[in-house]
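A.B. asks: 3D model of this:
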Amino acid sequence: MVASDKQFAGSIPDIYDRFLVPLIFEPYARDLAARLAKASPRDVLETAAGTGVVTRAIAARLPKSTHITATDLNQPMLDQAKARQPGGRRIDWKQADALALPFKEQTFDAVICQFGAMFFPDRLRGYKEACRVLRPGGRFFFNVWDRISENDFADTITEALASVFPEDPPRFLARTPHGYHDEKQIRDEVAAAGFKDIAIEAVSARSEAPSPTDPAIAYCQGTPLRNEIVARDPSRIEEATTRAAEALARRFGPGVVDGRIRALVISAVR
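C.D. replies: Here you go, the predicted model:
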């Protein structure tokens, strides 16, 4: 992973929230919220909360007596999340590194993390931190994207951008969001962190958008893929987005587009 893979700032949080969240994140947020609700936690910690799609889902699903602490490494993402749902006393928003959580041991009944583990520079350390702050018997829920070939829009856009920058293709999507999908590796790392009763389930869904332009904007301008494009040539961000949209239109048609998405959902017990 390169340093820019973790930079969600500038215009990225707003575009991410408007385009990418409804495109790929909402069905998995509902899935995690449903799994979490079965555990009936009183105190929940969310790491890598992003712009709050999971926070909103669990706040809607869990009793009002449940307290939620939502954290993210990037303050601009939290600012976007808090603007959508201030939360009052029920939700605390806190900038925090999932690899060095500023909480005492055995503070939470559950830790939840949506599509964040792929960005951890040291995943084992992140899992150990989740284990440390959980009470005995506490539950850890997280998900990661499956390989890029199982996620149509991301795969198509990565191929399209390789034709825009043939000498140095942007590989952010394949390298980081879709770069951590080996089930044995995940299971071994979670177990090494101190967890037991580890379950991994592949969950498929559909990603739909009104036009090819929406997912092109979502990925090219609402993720750190933008950082890679700009690093190559800042004047070509709109061209890269257009080329991505054209590739999506060729594959899925010029109107409403519908593609596969698939993730791995992991649960474990402290």
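A.B. asks: what's the neighbour count on residue 133?
C.D. replies: Neighbourhood size, residue 133 [other CB atoms under 10 Å]: 22. Glycine gets a C-beta too; all of them are placed from N, C-alpha and C.
A.B. asks: centroid residue for the protein?
C.D. replies: The residue lying closest to the centre of the chain (CA atoms, centre = their mean) is residue 115, at 2.9 Å.
A.B. asks: quick one: contacts for that residue?
C.D. replies: By CB atoms under 8 Å, 6 or more residues apart in numbering, the contact set of residue 115 is 25, 28, 48, 50, 143, 144, 145, 177, 263.
A.B. asks: can you check residue 190 too?
C.D. replies: Taking CB under 8 Å, 6+ apart, one finds 127, 140, 198, 266, 268 in contact with residue 190.
A.B. asks: where's it, which helix or strand?
C.D. replies: Secondary structure assignment for residue 190, by DSSP states H and E: helix 183-192.
A.B. asks: residue 255 should be in a strand, yeah?
C.D. replies: No - under DSSP: H, G, I helix; E, B strand; the rest coil, residue 255 sits outside any strand and is assigned coil.
A.B. asks: quick one on the thing from earlier: output the helix holding residue 190 as CSV, nothing but the C-alphas.
C.D. replies: Taking Å, rounded to 0.1, in the frame of the first residue of the first chain, the C-alpha atoms of helix 183-192 are listed here in CSV:
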residue,chain,number,x,y,z
GLU,A,183,-9.8,-16.5,3.5
LYS,A,184,-7.0,-18.5,5.1
GLN,A,185,-4.8,-15.4,5.6
ILE,A,186,-7.8,-13.6,7.2
ARG,A,187,-8.7,-16.4,9.5
ASP,A,188,-5.1,-17.0,10.6
GLU,A,189,-4.6,-13.3,11.3
VAL,A,190,-7.8,-12.9,13.3
ALA,A,191,-7.0,-16.1,15.3
ALA,A,192,-3.5,-14.8,16.0
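A.B. asks: burial of residue 14, as a residue count?
C.D. replies: With other CB under 10 Å as criterion, residue 14 counts 15.
A.B. asks: who's in contact with the residue nearest to it when sequence neighbours are not counted?
C.D. replies: Nearest residue to residue 14 in three dimensions, chain neighbours excluded: residue 80, at 6.5 Å (CB to CB, 6 or more residues apart in numbering). Shown in contact with residue 80 (CB under 8 Å, 6+ apart): 13, 14, 16, 17, 51, 52.
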